[in-house]
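Visitor: Predicted model, plus sequence, below.
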Amino acid sequence: MAEALGYKETMRTRAGEWERGDSKPPASRREQMLRYMADTLRLRDEPELFRSYWATIACEWGWAELSQAEQRTFLAYSVGQSHGRPKMSSCVA
């Protein structure tokens, strides 16, 4: 992830901490993560999978759920189209 986002050495270490759950990234990294998921991981065309992964990330990192604007920006299907939104499990702290 860190390499794909173009992080230098210090940020790569920090991103590794995020991935391992040792620390949480600041909310200022949210859009970078959304772009990484949509484009680098190619989840833009997999809205159900994207939402499922995002639910886990949001839960673990204390971030908000995807907004409608973010869904329009980062998912191939516009909000409201019926493509079977998966049932998300509640966040367990």
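Guide: In hand now; what should we look at?
Visitor: Can you mark which positions in the helix or strand bottoming out on mean pLDDT in the chain are buried?
Guide: For the chain, counting by mean pLDDT, DSSP states H and E, helix 9-20 ranks last in confidence among helices and strands (a mean of 75). Buried residues in helix 9-20, defined by neighbour count with 16 or more other CB atoms under 10 Å: 14-15, 18. Just so you know, the C-beta spots here come from the backbone N, C-alpha and C atoms, and that holds for glycine as well.
Visitor: repeat for stretch 33-47
Guide: 33-34, 36-38, 43-44, 46-47.
Visitor: As a markdown table, those with pLDDT would be great.
Guide: Compiled in a markdown table, the buried residues of stretch 33-47 are given as follows (pLDDT from 0 to 100):
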| residue | pLDDT |
| --- | --- |
| 33 | 89 |
| 34 | 94 |
| 36 | 89 |
| 37 | 92 |
| 38 | 94 |
| 43 | 95 |
| 44 | 93 |
| 46 | 93 |
| 47 | 92 |
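Visitor: how near is the spatially closest residue to residue 53 that is not a sequence neighbour to residue 17?
Guide: Of all residues not flanking residue 53 in the chain, residue 37 sits nearest, at 6.5 Å (CB to CB, 6 or more residues apart in numbering). The spacing between residue 37 and residue 17, counted by CB to CB, to the nearest Å, is 19 Å.
Visitor: Residue 53 too?
Guide: Between residue 53 and residue 17 the computed distance is 19 Å (CB to CB).
Visitor: can you check residue 47 too?
Guide: Distance of residue 47 to residue 17, computed by CB to CB: 29 Å.
Visitor: circling back: could you measure from the residue nearest to residue 53 over to residue 10?
Guide: 23 Å.
Visitor: Also residue 43?
Guide: According to CB to CB, residue 43 and residue 10 sit 27 Å apart.
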